[in-house]
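> Output the structure for:
(one chain, ligands or ions: 1)
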Amino acid sequence: MDRPFLDLPPCGSLRGVLRGPGDKSVTHRGLMLLALAEGEGRLLYPLKAGDTLSTARVLRALGAEIVEEGPHFLVRGRGLRLKEPEDVLDCGNAGTLIRLLLGLLAGQEGLFAVLTGDASLRRRPMGRVVEPLRAMGARVDGRERGEKAPLAVRGQALRGIRYSLPVPSAQVKSALLLAGLFAEGMTEVEEPLPTRDHTERLFRHFGLPLWVEENRIRTQRTGPFPAKDLVVPGDFSSAAFFLVAALLAPGSEVVVEGVGLNPTRTGLLRVLRSMGADLEWQVLEGEAGEPVGWVRARYSPLKGVSVDPSLIPLMVDEVPILAAAAAWAEGETHIPGLSELRVKESDRLSAIARNLRALGVEVEEGPDWLRIRGGGVRPGEVEPFHDHRIAMAFAVAGLPVGVRVWDPEWAEISYPGFFQDLKGLCAAS
Ligand code: S3P
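Sure thing, here's the model as predicted:
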């Protein structure tokens, strides 16, 4: 079969205003919590893309009613008790879905479910969630004794634990907090470094038990709670591709509106500014406890930097697009603290290094770091390695000189219409 590709011609400059798609993390969580709530609630402006449509499909199989109302979702929740699914639950490519779902199902007493996903998801580590859930009393089994999907869960009575996360992971933290809603006693999660806090903010939105003290987050068993409408902010991780595209092409100016500016997500803005980026942003309002506003990026000659590793969890999905910016910067950029990138949708460390080389950039790949020698890229071909963010990041890296992107449809996992939006902003210049 012929393999699909997309040729992007060189883009002189990008100009215009963009309202990107809804936030993926908030959409997953919003759907799950509305599925547990009592009565009807709307998820307004959610992300409707591969990953979050998997979440809607799985929650329907667990008995929630989810209907599309124009751009929104109307959800009729189950009031804490989910229905036993009749078939295997296919989580597709979505790590957030499978990991949070393990937490959600662990305490559904008696309910049996099997969770699986695509080839990429079945390679990803699940023990980081399964192990602490077992300590809470969960019954989970799976390939490699529960390290890999398919995973089978039989809901049990749970008890709260105190758990110190061995790796900074919002997915693990969130799975344990969701399980904690069904557990006897207190569930406490301690983070080594701050990670995205959407679950905590949504617990507050829905009035669920939550206490945060420094790096310790606690919850306990909840009673039934009513549904409540929820507005999903724009996804900063999707906006990031256009902000960097504007920084790279002379004469560019792009404004992204309605974008989530939660400080646990925007580490990239700090790093890009330290590279000399002309970036401005403003928080205008809060929706469901999430700060929302606009960001403006103008073309800027960038210089290489050494990135502070404690910022990585605050920009964990933006490392591919930071690598694209580093390829155009003057001098070297060193990005440490990247061990988690090995276990994302692809081995992103190696996917970044290989695509940079394919575009003529000198790069050194360590076990958990990258050193990128900037100076610009030459026209070439981008290999997504079945990973949406790799496809989009390296489309942007090659955009000023023209680039071929293989399997461009991977972008639809988090951003349907990405290439149309990119071409639209180029054409407007
Ligand atoms: C996510 C957390 C991050 C991130 C992923 C979404 C979430 O994963 O990479 O795309 O919604 O909680 P980890 O928690 O595994 O770092």
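> Check which element follows the helix or strand of the chain with the lowest mean pLDDT along the chain.
When the helices and strands of the chain are scored by mean pLDDT, DSSP states H and E, strand 278-287 comes last with a mean of 92. Sequence order places strand 290-298 as the next helix or strand after strand 278-287, per DSSP states H and E.
> who does that next one pair up with?
Paired with strand 290-298 in the same sheet, following DSSP bridges, are strand 253-260 (antiparallel), strand 278-287 (antiparallel).
> before we move on, the earlier item: tell me the gap between the least confident helix or strand of the chain and the middle of its chain.
Relative to the centre of its chain, strand 278-287 is centred 20 Å away, using C-alpha atoms, centre = their mean, to the nearest Å.
> Show me what counts as buried in it.
By 16 or more other C-beta atoms under 10 Å, the buried positions in strand 278-287 come out as 279, 281, 287. Yep, even glycine has a C-beta here, placed from its N, CA and C like the rest.
> what about the second one, distance to L272?
W281 sits at a distance of 11 Å from L272 (criterion: C-beta to C-beta, to the nearest Å).
> what does the protein have sitting close to the ligand?
Contacts of the chain with the ligand, taken as C-beta under 6 Å from any ligand atom, map to 25, 96, 169-171, 174, 196, 316-317, 340.
> Most neighbours of all those residues, which one?
S174 (30 neighbours; other C-beta atoms under 10 Å).
> That residue reaches G103, doesn't it?
Yes - counting by C-beta atoms under 8 Å, G103 is a contact partner of S174 at 6.9 Å.
> ok, back up a step: show me which of the buried residues of strand 278-287 is closest to the ligand.
Nearest to the ligand among the buried residues of strand 278-287: E287, at 17.2 Å, using C-beta to the nearest ligand atom.
> And for the nearest residue to P367 once chain neighbours are set aside, the neighbour number?
In space, and not counting its chain neighbours, P367 is closest to S339: 7.3 Å by C-beta to C-beta, 6 or more residues apart in numbering. S339: 14 surrounding residues under other C-beta under 10 Å.
> where's S339 relative to A393, distance?
19 Å.
> So the residue nearest to R42 when sequence neighbours are not counted versus P336, what's the distance?
Nearest residue to R42, sequence neighbours excluded (C-beta to C-beta, 6+ apart): D229, at 4.5 Å. Per C-beta to C-beta, D229 is found 42 Å from P336.
> helix or strand for the residue in the stretch 1-150 of the chain that the ligand sits nearest to, which one?
Proximity of the stretch 1-150 of the chain to the ligand (C-beta to the nearest ligand atom) peaks at S25, 3.3 Å away. Using DSSP H and E, S25 sits within helix 24-36.
> Export that helix to PDB, keeping only CA atoms.
Output of helix 24-36 as PDB, limited to C-alpha atoms (Å, rounded to 0.1, in the frame of the first residue of the first chain):
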ATOM      1  CA  LYS A  24      -6.700  16.900  25.900                       C
ATOM      2  CA  SER A  25      -6.000  16.400  29.600                       C
ATOM      3  CA  VAL A  26      -9.000  18.400  30.800                       C
ATOM      4  CA  THR A  27     -11.300  16.700  28.300                       C
ATOM      5  CA  HIS A  28     -10.300  13.200  29.400                       C
ATOM      6  CA  ARG A  29     -10.800  14.100  33.100                       C
ATOM      7  CA  GLY A  30     -14.000  16.100  32.500                       C
ATOM      8  CA  LEU A  31     -15.600  13.200  30.700                       C
ATOM      9  CA  MET A  32     -14.600  10.800  33.500                       C
ATOM     10  CA  LEU A  33     -15.800  12.900  36.300                       C
ATOM     11  CA  LEU A  34     -19.100  13.700  34.600                       C
ATOM     12  CA  ALA A  35     -19.600  10.000  34.000                       C
ATOM     13  CA  LEU A  36     -19.300   9.500  37.800                       C
END
